[in-house]
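Asks: Sequence and computational prediction follow.
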Amino acid sequence: MTAMEIRLEVVVVPVTDVDRAKAFYADGCGFNVDVDQQLSPEFRVVQMTPPGSGCSVTIGQGMSAMAPGSLKGVQLCVADIDAAHAQFAERGVPVTPVRHHDGSGFVDGKGDDWNSFFFFDDPDGNSWAVQESPKMRADAAG
């Protein structure tokens, strides 16, 4: 029996203010806004996709029972951690310095392959990590 293909398509991000969160993810993080529909006074869905990603995030009203700010550890991958860090910072995202894990904790500076990160929280406190991917770096180099 062959393995069934399973894809992660959407991650629901719990937020308090849909317009503020939409601006943060679209303008600050550079996510593409795919859908913004107000289906009723109690239900609004905004779906956004990071450039090049096969998975989207959804924010909205009436979407989830999760408390705003309770989503932790969602990770994005990039080919160039320094360029991504600069872009997010220039767009006003409150990013940490680029860091790596030295075995006892995170310390400032780049690490080896798969060990360079920066972190940020959205306005509600949902926490994200951005990791440099050597595979993406190699793919970008051609």
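Replies: Now that the structure is in, tell me what you want to look at.
Asks: which one's the longest strand in the chain?
Replies: Counting by DSSP state E, the longest strand found in the chain is strand 32-40.
Asks: mind checking how far the next helix or strand after that strand is from the chain centre?
Replies: Beyond strand 32-40 on the C-terminal side, the first helix or strand identified by DSSP states H and E is strand 43-49. Chain-centre distance of strand 43-49: 15 Å, with C-alpha atoms, centre = their mean, to the nearest Å.
Asks: Now do strand 43-49: everything it contacts.
Replies: The contact list for strand 43-49 (C-beta atoms under 8 Å, 6 or more residues apart in numbering) reads 10, 18, 21-22, 25-26, 31-39, 55-63. To be clear about C-beta, it is placed using only N, CA and C from the backbone, and glycine gets the same treatment.
Asks: Identify each buried residue in that strand, please.
Replies: Residues of strand 43-49 classed as buried: 44, 45, 46, 47, 48, 49 (neighbour count, 16 or more other C-beta atoms under 10 Å).
Asks: pLDDT for the residues you listed - can I get that in TSV?
Replies: Formatted as TSV, the buried residues of strand 43-49 follow (pLDDT from 0 to 100):
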residue	pLDDT
44	97
45	97
46	98
47	98
48	98
49	98
